[in-house]
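Enquirer: Pasting the sequence and the predicted coordinates here, then a few questions.
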Amino acid sequence: MAVTVRIPTPLRRLTQSQPEVEAEGDTIESLLENLEANYPGIKERICDESGNIRRFVNIYLNDEDIRFLDGNATTVKDGDEISIIPAIAGGSSDDERD
């Protein structure tokens, strides 16, 4: 089953600069394994040593944060879209001075 995965700019060097790639799997976990098989090194940037998604990485399934679904065990199906989004820190409160 083919799923479209949107790759954030910092990880595109691992996907030959492709902003979107196709991956296969029936869960987020198996999808990440498939990404790793096709793009070595990508999983270690998304997951920690235990295989858990890093705190600063958000993964969305069709615009739904998988943390509010079943995490790595979230089921995916043919035609779904996955977005990998690294967290971004905001500016300082000094920027809001009057």
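Expert: Now that the structure is in, tell me what you want to look at. Numbering: from 1, shown residues only.
Enquirer: From here on, just use CA atoms for contacts and neighbour counts.
Expert: Will do.
Enquirer: List the buried residues for stretch 65-77?
Expert: 66, 71-72, 74-76 (16 or more other CA atoms under 10 Å).
Enquirer: actually stretch 18-33, not the one I typed
Expert: For stretch 18-33, by 16+ other CA under 10 Å, it's 20-33.
Enquirer: Adding pLDDT, write those residues out as a markdown table.
Expert: Converted to a markdown table, these look like this (pLDDT from 0 to 100):
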| residue | pLDDT |
| --- | --- |
| 20 | 97 |
| 21 | 97 |
| 22 | 96 |
| 23 | 95 |
| 24 | 95 |
| 25 | 93 |
| 26 | 94 |
| 27 | 96 |
| 28 | 96 |
| 29 | 95 |
| 30 | 95 |
| 31 | 96 |
| 32 | 96 |
| 33 | 96 |
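Enquirer: Point out the ones among these that are inside strands.
Expert: Applying DSSP state E to the buried residues of stretch 18-33, the entries found in strands are 20-24.
Enquirer: Closest one of these to residue 87?
Expert: Distance to residue 87, by CA to CA, is smallest for residue 20 among those, at 18.7 Å.
Enquirer: and that closest one, what is it in contact with?
Expert: When contacts are counted by CA atoms under 8 Å, 6 or more residues apart in numbering, residue 20 touches 4-7.
Enquirer: Let me have these in a markdown table, extended by pLDDT, secondary structure and distance to residue 54.
Expert: Shown next, in a markdown table, are the contacts of residue 20 (pLDDT from 0 to 100; DSSP: H, G, I helix; E, B strand; the rest coil; distance: CA to CA, whole Å):
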| residue | pLDDT | secondary structure | distance to residue 54 |
| --- | --- | --- | --- |
| 4 | 96 | strand | 21 |
| 5 | 97 | strand | 17 |
| 6 | 97 | strand | 17 |
| 7 | 96 | coil | 16 |
